[in-house]
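Trainee: Requesting a structural model of the entry that follows:
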Amino acid sequence: MILDTNALSAFIDGDRAVGEHLAAGHRHPAIPVIVLGEFRYGVAGSRHRAAYEAWLDAHLADFDVLSVTEATAVVYADLRVALKKAGHPMPANDAWISALALEHRLPVLTRDVHFDAVPGLRRVGW
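Mentor: Modelled structure (predicted):
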């Protein structure tokens, strides 16, 4: 299962529902490098920055961090074209997250319903 930025934040903040979804998984949960960047950007301006960074230092090894590759770029480009043609544009970072999810055949844990427009992607809400 791949976490988006909101799911990662909710998990770190102790959201039980997110934790239950992750505990039910059969693999390590995954965090796209894009999500890690978005999270670190948000944390940079947080009054709880030290606590969030300490959490990442202590727990990031429990996750698979998915990097963008040339193969991901192909999936991303095809996806953006398909979504545009279907009249369902998506923010670029969410398209990268979707491309990684499709490439690795993993569902995305998110509350963002625009992921539902991605053909072949399974969104898990909480």
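Trainee: and the longest helix seen in the chain, which residues are buried?
Mentor: When every helix of the chain is counted residue by residue (DSSP state H), the longest turns out to be helix 70-85. Going by neighbour count (16 or more other Cβ atoms under 10 Å), the buried part of helix 70-85 is 72, 75-76, 79-80, 83. All C-beta spots, glycine's among them, are computed from the backbone N, C-alpha and C.
Trainee: do stretch 17-37 as well
Mentor: For stretch 17-37, using 16+ other Cβ under 10 Å, the buried residues are 18, 21-22, 29-32, 34-36.
Trainee: Okay, now the unreliable bits of this structure?
Mentor: 26 (pLDDT under 70).
Trainee: can you pull out the helices in it?
Mentor: Using DSSP H, the helices of the chain run over residues 5-12, 16-23, 33-44, 49-59, 70-85, 92-104.
Trainee: Of those helices, which is nearest Pro119?
Mentor: Nearest of the helices of the chain to Pro119, taken as Cβ to Cβ: helix 70-85 at 6.6 Å.
Trainee: Which neighbouring elements make contact with that closest one?
Mentor: helix 92-104 (3 or more Cβ pairs under 8 Å, 6 or more residues apart in numbering; DSSP states H and E).
Trainee: sorry, back to before: how about CSV for the buried residues of helix 70-85, with distance to Leu109 added?
Mentor: CSV is the format used below for those (distance: Cβ to Cβ, whole Å):
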residue, distance to Leu109
Thr72, 19
Val75, 19
Tyr76, 20
Leu79, 19
Arg80, 22
Leu83, 20
